[in-house]
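1. model this:
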Amino acid sequence: MPAGFAFRIAQIECFEEIRQKNGRAHQMYDPKGNSKEKAVDAVQFVEALPPAHLSGIVHRFLELKTQLALTSDYRFHALPDACTYAVFDQLDPKVAGITRLQASSEELNLGTSFHYVNIRFLPGVWQRDREPVAYGMVNSSYTGPLPLVSLNTEMIGQDFAAKQDVMSKFVDGLVADKKVVANPVTEKIFQNIDGIRTVADMAETADLSPRQLQRVLKKTTGFAPHDFLKVLRLQQSLDGEPSLAYADQSHFIHSFRKATGYTPEKYARKFDV
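-> Purely as a prediction, here's the structure:
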C-alpha cells in the first residue's frame with residue numbers, strides 16, 4: 001500500500017503564519033507530497049502542525065480516508081519530497097512502516113476504500129543507521145522493533161486530534177532514544193533555500209565542502225546533493241515560484257516533466273496539489 005501521503009486542507013495557515021507560529025525558519029521547506037485527480041472529491045484530507053516542541057522534527061501529521069466506498073478506484077500521484085514518513089494503515093493494524101519517496105514521482109491506485117494516518121518527519125532527522133526506511137511502499141505486516149503495530153491499533157476509532165496526541169508521544173520517545181535528531185545541515189539549507197541555485201551554493205550555505213555535503217546528505221536523507229536539490233526545486237515550483245528554483249521557463253518545464261511525467265500545464269489540468 002502506498003506511503004508518503006501529504007495532504008493539505010483548504011483552511012491551512014499560510015506559510016508565513018506557520019513560520020512565525022513555530023519560530024523556525026526551516027518551515028520554508030513546505031513539501032507537498034501528493035496530488036489527487038480533480039474528478040475525485042469524496043475523500044477526506046486532514047493535515048495538522050505538530051506541537052511546538054516537535055517543530056524541528058515533524059513537519060505535519062496527516063490523515064487520508066474515504067467516508068464511504070468510492071464507485072471507482074482512487075488514483076493518487078505521489079510527488080517527490082525528501083521527508084521520511086511513519087505510515088499506519090487504519091484498516092489493517094498490522095500494516096505499518098517507516099518509508100519515504102524517491103526523487104521521482106509515482107502514480108498509485110489506492111482502490112475504493114482506505115484510511116491512512118501518517119507522520120511526516122522533516123528531511124534528515126530520521127536516523128537511518130538506527131532504524132532503516134523502505135522506499136515508497138508499505139505492503140506487509142511490520143515486524144521491526146518499533147511499536148508501530150500497537151500504536152496503529154491504539155489509534156483505530158479515535159478522532160484525528162486524539163491520534164495526534166498518540167503520535168506526538170511516540171515521537172517524544174523517538175527523540176529520547178535518538179532515533180530522530182534535528183539536522184543542522186538541512187536546517188541551514190532550508191533557512192537559505194531561496195538563494196540556493198547549485199550544489200556548490202548548498203555546500204557553502206551548510207559550511208561544508210562538496211565532499212562533506214555529499215557524505216552528510218547521503219547518510220541523513222538518503223539523497224545525493226544533486227537529487228536533494230532537484231526535490232527542493234520541484235517543491236518550490238509547487239509553491240507557485242518556479243522562477244526561484246529554475247534558471248528559465250524551458251528548464252523548469254523539462255525538469256518538472258522529468259520528475260512527474262507531466263508538463264506543468266497538463267499536471268495542473270489533471271491534478272489538484
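
2. C-alpha from now on. contacts and neighbour counts both.
-> Noted.

3. Ignoring the adjacent residues along the chain, who's closest to residue 42?
-> residue 66 (6.9 Å; CA to CA, 6 or more residues apart in numbering).

4. Which strand residues bridge the one you found?
-> With DSSP bridges as the criterion, residue 66 is bridged to residue 43.

5. Please report how far it lies from residue 112.
-> Summarising the geometry, the distance separating residue 66 from residue 112, computed by CA to CA, to the nearest Å, is 8 Å.

6. okay, these two: which has more neighbours?
-> Counting neighbours by other CA atoms under 10 Å for residue 66 and for residue 112 shows that residue 66 has the greater number, 17 against 14.

7. Identify the residues contacting the more buried one.
-> Neighbouring residues of residue 66 by CA atoms under 8 Å, 6 or more residues apart in numbering: 42, 43, 44, 112, 113, 114, 115.

8. Tell me if residue 226 really is in a helix.
-> Yes: the assignment for residue 226 is a helix, going by DSSP: H, G, I helix; E, B strand; the rest coil.

9. Need the pLDDT of the nearest residue to it once chain neighbours are set aside.
-> Counting by CA to CA, 6+ apart, the nearest residue to residue 226 once its immediate chain neighbours are dropped is residue 199, at 6.3 Å. Looking at residue 199, its pLDDT is 93.

10. Burial check on residue 199, number of neighbours?
-> Counted with other CA under 10 Å, residue 199 comes out at 19.

11. how close does it sit to residue 143?
-> Distance, residue 199 to residue 143, using CA to CA: 38 Å.

12. likewise residue 149?
-> Counting by CA to CA, the separation of residue 149 from residue 143 is 9 Å.

13. what does residue 133 give?
-> 13 Å.

14. The two: which has the busier surroundings?
-> Neighbour totals were compared for residue 133 and residue 143, and residue 133 leads with 18 against 13 (other CA under 10 Å).
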